[in-house]
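Undergrad: the following block contains a protein sequence and its predicted model.
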Amino acid sequence: MSDSVIDDAGGRSAPGAAAAADEAGAGSTRLAVLLAMAMFVLVVDTSLMNVSISSVVDDVGATVSGVQGAIALEALVSAAFILIGSKIADLVGRKRAFVLGLLGYAVGAVAMTLAQTIVPIIICWAIIGGLGASLLLPSMQALIHGNFEGAMQKKAYALVGAAAAIAAAVGPLLGGFLTTFLSWRVGFGLEVVVIGIVLSGMGLVRDVPYTGSRDVDVVGAVLSAVGMGGVVIGVLVWQEGGEFVGVLIGIGAVALGSLARWLVRRKRQGKPTLLDPDLFKADLFKLGITSQLLQNVALGGAMIALPIYLQMVLEYNALQTGLTIAPLSLTMFATALLAGRRASGHRPAALIRAGAGLLTVGMLLLLPIVPRADSGWPLVVPLIVAGAGLGLLVSQLNNYTLSPISDERVSEAAGVNSAAGSFGLSFGLAFAGAIMLATLSIAFTKMSEDSAVLLPQQQQQVATALEDDAEVMSNTKLEKQLAGQPPATRAEIVRINTDARPLALQVALLVPILAGLLGFLNGMRMMRRPDPAPSDAAEVAFG
């Protein structure tokens, strides 16, 4: 009998079987790469939008606040529906949910490529794309867990996590380069291409069956969406000068409180819940979730205030904006990498406390610089300090938060972790933008009233215009709008704009500063708790 047909009883495999095994191994690697590509698109998408704000505003005839509101809305939709998305993935199948999530993201990217007004950006990119993200993240977690085993599973998780980290680090640079030398539309068009490649490899994916309860906590899902949505949408409505702001925020707050009581009651009755309230009995989980939320509030506030400052005050293009923000993102990436490998001799709580402290110091250092800087260079050191703080937080928070959670429940806990992060990001984006515009309106009106150049009638016109539509505007664009005004009036309004914008941006930076300070105080509480035990489940989970 030849070697090629020796059977298993002889302890040897046929070359055909070996080839099949090699093929399967190669297939696993290709699948891991495809999932990493999907994660890269998911993370780089918002970075591309942030550095392209001024270009998007000019091309589609929108306002800075309108684009900023769309960015906040996308993060909000993802946060509000991610827990629901996890249950949908259980019911319809994780593979199908993953595909639907990719298609939702593709719809958003196509809309950005073709949009001529802000409307398709809000509907397709912010809402449909946000819904896609809410399906994509939990189903990806389940698919990695179900399609890989042992060392290959850890490799797949590591590859997907690395893709997210690299996207966060290079996103501003990549988006800036594409927007400046080609178009911001090209960046979103490339997202469509990458999504098409990932979808073409779906034959490699084995669906992961769900064997748990198929009952749905409809009330919990509604309260979750209304709660987070009410708070952030209320802030966005305030930003746009709308009415019923207090009502919207109040509805959101009441819904979140009602959700907590509802989940506890359902749990006592032994009925299915949107999420298990017993997760919050773990002290480390509660502290970790709080820090995760605060970190993302700070990140959201910084990532809307800084690009607006660079593009509307210094009048930077997208590439210059990306290069200026790069010290923050690249330092965050490098610090997270180093801290993750060399943190064994330090308490996780100490690193989290240090991270929040550095983040706060970095943002504080920006305050005196903002009104004086005539380029992005003075921002480099503060952004490096803040980036180092964010890197320390990123390196520790995931493991700290999920360490007390058992392997069977880590997927659900990771979903809550992700929802907290997305909600924090959306709130930071919305609130920093809202108080920026509110401060601009107040400062502009006060400076106009104190002006010895503007006539009372002109002062009233300024106040009326700001009441209807306060907007961060570059001096170049403002001068074009004032082309028909007398030179003295034009020069005075431009001077007021020059003085008012930095003040508004300084106030907006108070959002990440306050979040960082609260994170530092939360880190002090962590120091009084015992260190978390290392958890394999926590190491491989991602948010």
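TA: Yep, that arrived.
Undergrad: quick one: the helices in the stretch 301-450 of the chain?
TA: 318-342, 348-369, 380-402, 410-449 (DSSP state H, counting those that start in this stretch).
Undergrad: the closest residue to Val511 other than its chain neighbours: what's it in contact with?
TA: Counting by C-beta to C-beta, 6 or more residues apart in numbering, Val511 lies nearest to Gly301, which is 3.5 Å off, once chain neighbours are set aside. To be clear about C-beta, it is placed using only N, CA and C from the backbone, and glycine gets the same treatment. By C-beta atoms under 8 Å, 6 or more residues apart in numbering, Gly301 lies in contact with 428-429, 431-432, 508-509, 511-512, 515.
Undergrad: switch to 10 Å and redo it
TA: 363, 424-425, 427-433, 435-436, 508-516 (C-beta atoms under 10 Å, 6 or more residues apart in numbering).
Undergrad: swap in Ser291?
TA: Contacts of Ser291 (C-beta under 10 Å, 6+ apart): 349, 352-353, 355-356, 393, 396-397, 400-401, 420, 424, 518-520, 522-523, 525-526.
Undergrad: now, of these, which are buried?
TA: Using 16 or more other C-beta atoms under 10 Å as the burial test, these include 349, 352-353, 355-356, 393, 396-397, 400-401, 420, 424, 518-520, 522-523, 526 as buried.
Undergrad: how near is Ala162 to Val43?
TA: Going from Ala162 to Val43 by C-beta to C-beta, to the nearest Å gives 11 Å.
Undergrad: ok, now Thr117?
TA: Relative to Val43, and taking C-beta to C-beta, Thr117 is found at 27 Å.
Undergrad: looking at these two, which one has more neighbours?
TA: Val43 (16 against 11; other C-beta atoms under 10 Å).
Undergrad: what is the mean pLDDT for the helix or strand that one falls within?
TA: Using DSSP states H and E, Val43 sits within helix 15-51. Averaged across helix 15-51, pLDDT comes to 73.
Undergrad: again, but for stretch 399-408
TA: The model assigns stretch 399-408 a mean pLDDT of 81.
Undergrad: alpha carbons of that stretch, as PDB, please.
TA: The C-alpha trace of stretch 399-408 is given here as PDB (Å, rounded to 0.1, in the frame of the first residue of the first chain):
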ATOM      1  CA  ASN A 399      -9.400  43.900  31.400                       C
ATOM      2  CA  TYR A 400     -10.300  45.800  34.600                       C
ATOM      3  CA  THR A 401     -14.000  46.100  33.700                       C
ATOM      4  CA  LEU A 402     -14.500  42.500  32.500                       C
ATOM      5  CA  SER A 403     -12.100  40.700  34.900                       C
ATOM      6  CA  PRO A 404     -14.900  39.800  37.500                       C
ATOM      7  CA  ILE A 405     -17.200  38.400  34.700                       C
ATOM      8  CA  SER A 406     -17.400  34.700  34.000                       C
ATOM      9  CA  ASP A 407     -16.500  33.400  30.500                       C
ATOM     10  CA  GLU A 408     -20.200  32.600  29.800                       C
END
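Undergrad: so Leu367 sits against Ile513, correct?
TA: Yes - with contact defined as C-beta atoms under 10 Å, Leu367 reaches Ile513; the gap is 7.9 Å.
Undergrad: overlap in contacts of those two?
TA: In contact with both Leu367 and Ile513: Gln506, using C-beta under 10 Å, 6+ apart.
Undergrad: neighbour count for those two, which is higher?
TA: Neighbour count, other C-beta under 10 Å: between Leu367 and Ile513, Ile513 has more, with 21 against 16.
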